[in-house]
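Trainee: sequence and computational prediction follow.
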2 protein chains.
Amino acid sequence: MSNQPIGIFDSGIGGLTVATQVRKYCPGEEIIYFGDTARVPYGTKSARIVCQFSYQNTRFLLQFRPKLVVIACHTASCLATDYLKQEFPSLVLVDVLKPSVEKALNHTRSGRIGVIGTTATINSKRYQMSLESANNSIRVYATACPLFVPLVEEGWIDNQVSREIASIYLRPLKQKKVDTVILACTHYPLLRKVIAGVLGDGVRLIDPSEEVAAQVAAHLRRGAANRSSVGRGRLRLYFSDCSPRLKKVVRLFLGQTKVTIKELKPDFLPEVFNV
Amino acid sequence: MSNQPIGIFDSGIGGLTVATQVRKYCPGEEIIYFGDTARVPYGTKSARIVCQFSYQNTRFLLQFRPKLVVIACHTASCLATDYLKQEFPSLVLVDVLKPSVEKALNHTRSGRIGVIGTTATINSKRYQMSLESANNSIRVYATACPLFVPLVEEGWIDNQVSREIASIYLRPLKQKKVDTVILACTHYPLLRKVIAGVLGDGVRLIDPSEEVAAQVAAHLRRGAANRSSVGRGRLRLYFSDCSPRLKKVVRLFLGQTKVTIKELKPDFLPEVFNV
């Protein structure tokens, strides 16, 4: 078991922030990353389709016989974790919801917590319910920020437009005087400067990728499942679609100048729809 | 043949602007509309995946035995029309590229034409090549506007943010003093007011949906393929995903208060990826 890789899937490239932290916490581990760039984004879609895509992504990773699978995407974590647990009962699944909630609860002083994410994440109410059920004196204010992902993918992470959009989306959280805000989407940490600029210095921004990695490391330690080989493990990237811009955006996330990407060759043309 | 429906596919809901015009030009015809909302958008993805999705969408429509299929999506029209013609040689395909180009050539006085569309549409250079090969004295200036689609889907079609984004994207076209701009994406007509505000009254905006409908009507007349039944034909809508917001956005496009949508029940979980 110990020499098997860690699988990570995401709706696209945002989950690379999680992959980077997992590499830092578990440098000896082999990592297989799968980004569903052919069908990205998930955050505007229904729970049913997010479950279906997440199932397929997990099946893709299972061919590498991973010792655990990380659901790096907040939308999939909120909408599909229960479904995946039911479909793959013997698979160890780590999602990003629990570490985000724990970190936010540890940090808040006022008990007023904001959550920002995709429309599907916010509408699922999973963050809201998890925070409130952990501590019923907590007040949660949740806001969807649908333009944040396209802003990051356009590379407009700190200009006049991104500041204006952030100030519109974040106004309700500012009015509610939250002291902690969960960045419940893997793209949002790239807008950290703009978000912090709107919310002010007194508000703590929670990016759970580090805690997710810490949880993965703890799980491996508990199960004595660390890879035995010496040296740094590989990070292998797979994407369901490789657009001309993919490498550029992957570099933005990994901060590396040289990136090698495996392009999948789908040899199938399935009947996807039936009436 | 004459009583068979007209098929229309699009990456999502934008193609409903085309469907509306086809209904106006051919009121007696039955129309089957398929929007690939599960995998939308196409405009940020590769030619290979857009061809594959377009193939599947066409296969979906073929079960209704359509007398012709309209490719309402500009990205699919630019990237996948040749591929679809090769895969379905006996199928009549109408794309949105040719009518857009003809209309722009008819309207320009200065010979300086702008094209705005998704990243994939602009990178394909299909519009640029079609305009220039029709008349080599034409100068074409093409710009991708990746944030326009998410702006429309967010419903921000006329606010300070949309005006600012439009002014950034359209600055190069303004500087080049184009007199005609092709709106080469089905979402962009909804931003017409903002786009016109930036470019000024002297610039003609080309939305080809009416010309596409006219071309469909002409094709049916030529082949004496009009539906013989009396009365208004139905418009049936199919979507690969029905998010909670879908009805709202469909209404925005169709301008109808009551909309009935068929949700597809996919009973499949294909193996989408292999290494």
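Mentor: Received it, and whenever you're ready, just let me know what you need.

Trainee: enumerate the residues of the stretch 51-200 of chain A near chain B.
Mentor: A:52, A:55-56, A:59-60, A:63, A:119-120, A:123, A:146-147, A:149-151, A:153-154, A:156, A:160-161, A:164-165, A:168 (CB under 8 Å from any CB of the partner chain). Bear in mind the C-beta positions are built from the backbone N, C-alpha and C, glycine included.

Trainee: the nearest residue to A:N135 once chain neighbours are set aside and chain B, how far apart?
Mentor: Ranked by CB to CB, 6 or more residues apart in numbering or on different chains and with sequence neighbours excluded, the top spatial neighbour of A:N135 is A:L105, at 6.3 Å. To chain B, A:L105 is 29 Å away according to CB to the nearest CB, to the nearest Å.

Trainee: in which helix or strand would I find A:A104?
Mentor: helix A:97-107 (DSSP states H and E).

Trainee: whichever helix or strand comes after that helix pairs with which strands, parallel or anti?
Mentor: Sequence-wise, the next helix or strand downstream of helix A:97-107 (DSSP H and E) is strand A:112-117. Strand A:112-117 sits in its sheet next to strand A:139-144 (parallel), strand A:180-184 (parallel), going by DSSP bridges.

Trainee: now the strands for the stretch 1-150 of chain A?
Mentor: A:6-10, A:31-35, A:68-71, A:93-95, A:112-117, A:139-144 (DSSP state E, counting those that start in this stretch).

Trainee: now render these as a markdown table, adding mean neighbour count.
Mentor: Formatted as a markdown table, the strands of the stretch 1-150 of chain A follow (neighbours: other CB atoms under 10 Å in any protein chain shown):
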| stretch | mean neighbour count |
| --- | --- |
| strand A:6-10 | 27 |
| strand A:31-35 | 25 |
| strand A:68-71 | 25 |
| strand A:93-95 | 21 |
| strand A:112-117 | 27 |
| strand A:139-144 | 19 |
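
Trainee: that older thread, select, out of the strands paired with strand A:112-117, the one closest to A:S2.
Mentor: When these are compared by CB to CB, strand A:180-184 sits nearest A:S2, at 32.2 Å.

Trainee: hmm, A:V194 is touching A:D158, no?
Mentor: Yes. Under the criterion of CB atoms under 8 Å, A:V194 makes contact with A:D158 at 5.7 Å.

Trainee: who has more neighbours out of these two?
Mentor: A:V194 (24 against 14; other CB atoms under 10 Å in any protein chain shown).

Trainee: any idea how far B:L173 is from the residue nearest to A:N135?
Mentor: 51 Å (CB to CB, to the nearest Å).

Trainee: one more: A:E132?
Mentor: Distance from A:E132 to B:L173, by CB to CB: 50 Å.

Trainee: could you tell me the phi and psi values at A:C26?
Mentor: The phi/psi pair for A:C26 (degrees, to the nearest 10) reads phi -130, psi 70.

Trainee: residue contacts, it?
Mentor: A:I6, A:A213, A:V216, A:A217, A:L220, A:N226, A:G233 (CB atoms under 8 Å, 6 or more residues apart in numbering or on different chains).

Trainee: try 7 Å this time
Mentor: A:V216, A:A217, A:L220 (CB atoms under 7 Å, 6 or more residues apart in numbering or on different chains).
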